[in-house]
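Student: Build me a model from this:
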Amino acid sequence: MTMVATDVHGLKRRLDAFVWTNRSTEAALLRSLLDEHFGSFDRIGMVGGLVRDLARGGRAPFKSDVDLVVEGSAADVEALAVRVAAGSGP
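Tutor: As a prediction, the model looks like this:
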């Protein structure tokens, strides 16, 4: 049983491992998206269910989407939304 992350450093280690060393197809896709579309932003943060699940019990309980927050100008964020077709549904 994986223990709850007791501090921000432990949580950061889990997040880093999930994104950068995880060999799953989903993690590879996330890395590709980050490299292709988010490199122009100085700061990118992960929020939401991924952070909660990794803090609570590690990678196993995570079965959701990945929520990202970027720091940038409105024009940069708009350009990102256009590039990734944000808000366009099936």
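
Student: From here on, just use CA atoms for contacts and neighbour counts.
Tutor: Fine.

Student: Skipping its backbone neighbours, what lies nearest Arg14 in space?
Tutor: Excluding the flanking residues, the one nearest Arg14 by C-alpha to C-alpha, 6 or more residues apart in numbering is Leu54, at 6.5 Å.

Student: For the one you found, which residues are in contact?
Tutor: For Leu54, the contact set (C-alpha atoms under 8 Å, 6 or more residues apart in numbering) comprises 5, 11, 14-15, 61-62.

Student: any idea which of the residues you listed is closest to Asp42?
Tutor: Nearest to Asp42 out of these is Leu15 (C-alpha to C-alpha; 18.2 Å).

Student: Tell me which residues touch the closest one, please.
Tutor: If you count contacts by C-alpha under 8 Å, 6+ apart, Leu15 has them with 51, 54.

Student: at 10 Å instead, please
Tutor: Contacts of Leu15 were listed using C-alpha atoms under 10 Å, 6 or more residues apart in numbering, and they are 9, 21-22, 46, 50-51, 54-55, 58-59.

Student: which two from the residues you listed end up farthest apart in space?
Tutor: Put simply, by C-alpha to C-alpha the two of the contacts of Leu15 set farthest apart are His9 and Asn22, 18.2 Å from each other.

Student: more neighbours, these two?
Tutor: Asn22 (15 against 10; other C-alpha atoms under 10 Å).

Student: phi, psi of the more buried one?
Tutor: Main-chain dihedrals, Asn22, degrees, to the nearest 10: phi -60, psi 130.

Student: Start the count at 5 instead of 1 going forward.
Tutor: Yep, numbering from 5; the last one is Asn26 now.

Student: ok, and the closest non-adjacent residue to it?
Tutor: Ala32 (7.8 Å).

Student: That neighbour belongs to a helix, doesn't it?
Tutor: Yes. Counting by DSSP: H, G, I helix; E, B strand; the rest coil, Ala32 is part of a helix.

Student: Who does Val51 form a beta bridge with?
Tutor: Under the criterion DSSP bridges, Val51 forms beta bridges with Asp71.
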